[in-house]
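Asker: Got a sequence here, can you build the structure:
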Amino acid sequence: MQVEVAKRLLDALDAARRIRKFTATLDSAQFSASEMVRSAVERQFEIIGEALGKAGAADSSLAESIPELPKIVGLRNRLIHGYDSVDDEIIWDVVQSKVPPLAEQLEAELRSAGYSV
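Answerer: This is a model prediction of the structure:
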């Protein structure tokens, strides 16, 4: 694995961990009510999407180990360009159902390349 790709994967993993930290004690209603947390989580999704988009462009094999990669980049694009139509319920669902397995995939990918995470 190229060092630049590993750096991008680490950036994405750090952002996923921050999302989990920011939302660990919240439920859906609390998430929706907190403008600050929603903004922070959306920023971390932007980082994940950008980092994985660049990593995927540098190493096309990542699409095999991270099959959700196009959807992740798509979410980033939606947050950036369609900011006025972001649905908090969808973001909350992604936080709950997609971020934990993504973090596990990123950890596994990095470990298999010899990085400690």
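
Asker: and Arg38, which of the three is it?
Answerer: With DSSP: H, G, I helix; E, B strand; the rest coil as the basis, Arg38 sits in helix.

Asker: Can you list the low-confidence ranges for this structure?
Answerer: Residues of the chain meeting the criterion pLDDT under 70: none.

Asker: and the gap between the spatially most central residue of the chain and Ala12?
Answerer: The centre of the chain sits closest to Ile48, judged by Cα atoms, centre = their mean, with a distance of 3.8 Å. Using Cβ to Cβ, to the nearest Å, one gets 5 Å for the distance from Ile48 to Ala12. C-betas here are computed from N, CA, C, even on glycine.

Asker: now swap in Asp87 and tell me
Answerer: Counting by Cβ to Cβ - Asp87 and Ala12 are separated by 22 Å.

Asker: do Arg20 as well
Answerer: 13 Å.

Asker: of these two, who's got more company?
Answerer: Ala12 (28 against 16; other Cβ atoms under 10 Å).

Asker: Can you give me every residue that contacts that one?
Answerer: 47-48, 51-52, 55, 102, 106 (Cβ atoms under 8 Å, 6 or more residues apart in numbering).

Asker: now swap in Ala113 and tell me
Answerer: By Cβ under 8 Å, 6+ apart, the contact set of Ala113 is 1, 6.

Asker: Kindly reformat the contacts of Ala12 as TSV containing distance to Val117 and secondary structure.
Answerer: Listed next are the contacts of Ala12 as TSV, based on distance: Cβ to Cβ, whole Å; DSSP: H, G, I helix; E, B strand; the rest coil:
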residue	distance to Val117	secondary structure
Ile47	17	helix
Ile48	15	helix
Ala51	14	helix
Leu52	16	helix
Ala55	15	helix
Leu102	13	helix
Leu106	8	helix
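
Asker: can you put these in CSV and add distance to Leu69?
Answerer: Shown next, in CSV, are the contacts of Ala12 (distance: Cβ to Cβ, whole Å):
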residue, distance to Leu69
Ile47, 15
Ile48, 10
Ala51, 11
Leu52, 6
Ala55, 9
Leu102, 10
Leu106, 11
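
Asker: Go through the residues you listed and say which is closest to Ile91.
Answerer: Ile48 (12.4 Å; Cβ to Cβ).
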